[in-house]
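In: Can you look at this prediction? I've put the sequence above it.
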Amino acid sequence: MNSTNPLLAGASLPEFSRIKTEHIVPAIKTLIEQSEKNLEQLLNDLNDGQVTWENLVSPIEEWDDNLEKAWSPVSLLNAVMNSDDLRTAYEEAEQLLTAYNTKMGQNKTLYQAYVQLKESAGFNALSQPQKKTIENAVRDFKLAGVALEGKEKERYGEIRSELSKLMTQFANNVLDATHGWFYVAEDVSELDGLSDMDIQAAKQRAESKQISGYVLTLDVPVYHAVLTQAKSRELRKTMYQAFCTRASNLGPFAEEGRDKWNNDQIIDKILELRKELAELLGFKNFAEKSIAPKMAETTSEVIDFLTDLANKGKPVAEKEIAELKEFARDTYQLDNLEAWDLAFYAERLKESRYNISQEELRPYFPVEKVLSGLFTVAKKLFAIDIVENSEVETWHQDVHFFDIKKEGKKVASFYLDLFAREKKRGGAWMADCRVRRNTGNGVQHPVAFLVCNFSPAIDGKPALLKHDDVVTLFHEFGHGLHHMLSEIDVAAVSGINGVAWDAVELPSQFLENWCWEKEVLEFLSGHYETGEPLPEEKLNSLLAAKNFHSAMFLMRQLEFALFDFRLHMEFDTEGYQGVQQVLNDVRQQVSVLTPPSYNRFQNSFSHIFAGGYAAGYYSYKWAEVLSADAFSLFEANGIFDNATGNKFLQEILQQGGSRDAMELFINFRGRKPSVEPLLRHGGIVS
């Protein structure tokens, strides 16, 4: 490896202080060229000889791992420390990778070698992870267009390249539109209702921009605080309009002609290219292609699943919205509840009904106490210890690094980047840094990136989390545990690799359940000044409020999922009238409070237009059925029952993608999943 370029140095962990933008493209080029040269030699050496795991799959895994170890920190930095130079280098390197992956996926000689290995006498002697890797590879070659010839093959590559560019541009537009707008409150009275912490943060943002007053941004923690707490209806409306028209022709800058961040045409082009790509591969639409490697077997199965949930949830949601409207009318004399009122009056109703609020809970969830509680849960469930390692360098002063140990031995590590800041993509996610695999010189320990966007510490106070933030942290840590506690030594099915996309949310949603357990909340909480755990009264109120408006939340998620799936099924078919009309139709089916006509939610729906959830957003609900049913076994046996925790560890977390998701679930639960626990946990059925 080339030690002068940190991305080629072969370090066990990324050397963030040494990585410069000028290193990115040369490193990716070098690694791709090496891989292509190695592959050519490998295939020549094979000729008509016997194909084995050792002379085919093992060397390719090593080359892919070298490439991933160079790319993972680049991808991470582009998301958390974005800059113009980094963005340019990232996009150029991404195009190189897209072309390389397309070429690999359409290499017929390589495909035939995998088929030969799959059909060989030695296949049955391989381990289960090795068999699953080969079976997945043969399937994925077909999904990558290995059977295409001539112009169709060339066109497939063009589509992949163009889609990669468009999805990156979509994400960039959302990021730029989010950070390109802010509101200045001249007088603090405009912020009436916000917490002292939120007001102080707004003041500091103004000072950092060298302007007077108070600055409110569209970063989710700020936006959510305004929508739930600000008494000024006009302020809430202003923030709502700016947020829900981001990256559209109706956005805050449209009147100035600054619509360069408009995603309308990008969405249409992405959908057009996805359908063309699906048809090249013999599918009717992109939704069909999307589910080919997933648990769901047909598009109608997905639609029926979502529709059934909607039919069960909507009557309850309609009752919830009717109660909210009645409360706003009777208590606040508000006759017309609008979209920008929903969160505010919902919070007031929750306070009235349960004597609890998110802001009231914040002082009891300082981030250090929450992390300590999270790590205690992981230790009780899976017998692991989590220890901070301050000797590992990170990309920002707020980022921390931890090692995971089992029986005193390090088995994995993770970086934790919790707080929102300029030039950082919104949302929360887990990404691979290193994957567990057998290198020939021992096992490479898995390493994860865990990223959130919580409000940072301010004015001498520690960072204080809302309970919603705590749930988000547990969710992402669940993904992390799936990646890090894997005991599979084959990279392609280690951790979350090879896991069906509609099952990948199982561990993350599963772990959320512990945020709502009284026994856990007693050690998960502690007032930042006194250390006092959440008082009994507040704890009981929090638990009582768990299912507050759960049906409305369910219907919102079903709106996203049905819109995504129907859009990718119906695009450019007879009767299709455009993206907005599909969304309008779905809202008519499931919404209990229709948003204003200018709402352009789709223009910032990065999950499906810039991420991996295209025709797959339903996965959240699909996997939530699995996670709720899995947790019901802990409800029966005890939330920290050692045998049950060890069974989940052994049958789910340690197995990665080495077996089909349904097989693993049945191994753990003893039967196929039931939807009943999901509906019961959400209070939708008793």
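Out: Structure received. Numbers count the residues shown, from 1 in each chain.
In: For the residue nearest to Ser83 when sequence neighbours are not counted, the count of nearby residues, please.
Out: Of all residues not flanking Ser83 in the chain, Lys423 sits nearest, at 6.5 Å (Cβ to Cβ, 6 or more residues apart in numbering). Just so you know, the C-beta spots here come from the backbone N, C-alpha and C atoms, and that holds for glycine as well. Residues lying near Lys423 (other Cβ atoms under 10 Å) number 14.
In: and what of the one 10 residues further on?
Out: Under the neighbour criterion other Cβ under 10 Å, Cys433 is assigned a count of 20.
In: go on, Lys118?
Out: Look at Lys118: counted by other Cβ under 10 Å, it has 15 neighbours.
In: which residues of the stretch 551-686 of the chain fall in helices?
Out: 579-590, 606-609, 619-637, 642-648, 661-669, 676-681 (DSSP state H, counting those that start in this stretch).
In: Let me know the pLDDT of Glu255.
Out: Looking at Glu255, its pLDDT is 60.
In: re earlier: output the helices of the stretch 551-686 of the chain as CSV; include the columns mean pLDDT, distance to Phe419 and mean neighbour count.
Out: Formatted as CSV, these follow (pLDDT from 0 to 100; distance: least, Cβ to Cβ, whole Å; neighbours: other Cβ atoms under 10 Å):
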stretch, mean pLDDT, distance to Phe419, mean neighbour count
helix 579-590, 97, 33, 18
helix 606-609, 97, 20, 22
helix 619-637, 96, 25, 21
helix 642-648, 98, 31, 16
helix 661-669, 97, 33, 18
helix 676-681, 92, 30, 19
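In: Adding distance to Pro462, write those helices out as JSON lines.
Out: Shown next, in JSON lines, are these (distance: least, Cβ to Cβ, whole Å):
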{"stretch": "helix 579-590", "distance to Pro462": "40"}
{"stretch": "helix 606-609", "distance to Pro462": "30"}
{"stretch": "helix 619-637", "distance to Pro462": "30"}
{"stretch": "helix 642-648", "distance to Pro462": "30"}
{"stretch": "helix 661-669", "distance to Pro462": "38"}
{"stretch": "helix 676-681", "distance to Pro462": "31"}
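In: Mind listing residues that contact the host helix or strand of Lys350?
Out: According to DSSP states H and E, Lys350 maps onto helix 339-354. Contact partners of helix 339-354, identified using Cβ atoms under 8 Å, 6 or more residues apart in numbering, comprise 224, 227-230, 233, 236-237, 239-241, 244, 323-324, 327-328, 331-332, 334, 337, 356-358, 541-542, 544-545, 548-549, 593, 595-596, 599.
In: same thing but at 6 Å, please
Out: 227-228, 236-237, 240, 324, 327-328, 357, 541, 544-545, 548-549, 595 (Cβ atoms under 6 Å, 6 or more residues apart in numbering).
In: Compare the helices of the stretch 551-686 of the chain and give me the one nearest Arg556.
Out: Among those, the nearest to Arg556 by Cβ to Cβ is helix 579-590 (8.4 Å).
In: For Gln128, find the nearest of the helices of the stretch 551-686 of the chain.
Out: The nearest among the helices of the stretch 551-686 of the chain, by Cβ to Cβ, is helix 661-669 at 10.5 Å.
In: could you give the angle of the closest one to helix 619-637?
Out: When axes from the mean of the first three to the mean of the last three Cα atoms, to 10 degrees is applied, the directions of helix 661-669 and helix 619-637 differ by 10 degrees.
In: contacting residues around helix 661-669?
Out: With contacts defined as Cβ under 6 Å, 6+ apart, helix 661-669 is touched by Met295, Ala500, Ala503, Leu626, Lys647, Glu651, Ile652, Gln655.
In: Repeat the analysis, applying 10 Å as the threshold.
Out: Here helix 661-669 makes contact (Cβ atoms under 10 Å, 6 or more residues apart in numbering) with 294-295, 498-504, 506, 623, 625-626, 629-630, 632-633, 644, 647-660, 671-673.
In: so what are the domain limits for this protein?
Out: With domains defined by automatic domain parsing, the chain comprises 6-147, 181-256, 264-356+550-617, 362-544.
In: got the ones you listed as a markdown table, with distance to Asn173 columns?
Out: Rendered in a markdown table, the data for these read as follows (distance: least, Cβ to Cβ, whole Å):
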| stretch | distance to Asn173 |
| --- | --- |
| domain 6-147 | 12 |
| domain 181-256 | 5 |
| domain 264-356+550-617 | 7 |
| domain 362-544 | 12 |
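In: Confirm that Arg425 sits in a helix.
Out: No - counting by DSSP: H, G, I helix; E, B strand; the rest coil, one finds Arg425 to be coil, located in no helix.
In: How many neighbouring residues does it have?
Out: Residues lying near Arg425 (other Cβ under 10 Å) number 20.
In: Look up how far Ser372 lies from it.
Out: Distance of Arg425 to Ser372, computed by Cβ to Cβ, to the nearest Å: 27 Å.
In: ditto for Val471
Out: Look at Val471 and Ser372: by Cβ to Cβ, they are 17 Å apart.
In: between those two, who's got more neighbours?
Out: Each of Val471 and Ser372 has its neighbours counted (other Cβ under 10 Å); Val471 has more, 17 against 14.
In: can you tell me which residues contact that one?
Out: Neighbour list for Val471: Leu465, Gln509, Leu511, Glu512, Asn513, Trp514, Cys515, Trp516 [criterion: Cβ under 10 Å, 6+ apart].
In: Next step: these restricted to helices.
Out: The members of the contacts of Val471 that map onto helices under DSSP state H are Gln509, Leu511, Glu512.
In: residue closest to the middle of the protein?
Out: Among the residues of the chain, the one closest to the centroid is Trp429, at 4.5 Å (Cα atoms, centre = their mean).
In: Which phi and psi values does the closest residue to it other than its chain neighbours adopt?
Out: Sequence neighbours aside, Val451 is the residue nearest to Trp429 in space, at 5.4 Å (criterion: Cβ to Cβ, 6+ apart). Backbone geometry at Val451, expressed as degrees, to the nearest 10, gives phi -130, psi 130.
In: Which of the three states applies to the closest residue to Thr299 other than its chain neighbours?
Out: Nearest non-adjacent residue to Thr299, counting by Cβ to Cβ, 6+ apart: Ala287, 5.0 Å away. Secondary structure, three-state DSSP: Ala287 is helix.
In: shaky segments in this structure?
Out: Where the chain drops to pLDDT under 70, the residues are 1-3, 48, 253-259, 686.
In: SS state for Ala89?
Out: The assignment at Ala89 comes out as helix when based on three-state DSSP.
In: ok, Ile488 to Gly498 distance?
Out: Counting by Cβ to Cβ, the gap from Ile488 to Gly498 is 9 Å.
In: Quickly list what's touching both of those two.
Out: By Cβ under 10 Å, 6+ apart, the residues touching both Ile488 and Gly498 are Pro129, Lys132, Thr133, Gly656, Gly657, Ser658, Arg659.
In: Provide a list of residues in contact with the residue nearest to the centre of the chain.
Out: Leu76, Ala79, Phe449, Leu450, Val451, Cys452, Asn453, His475, Glu476, His479, Gly611.
In: from those residues, which two are the most distant?
Out: Leu76 and His475 (18.8 Å).
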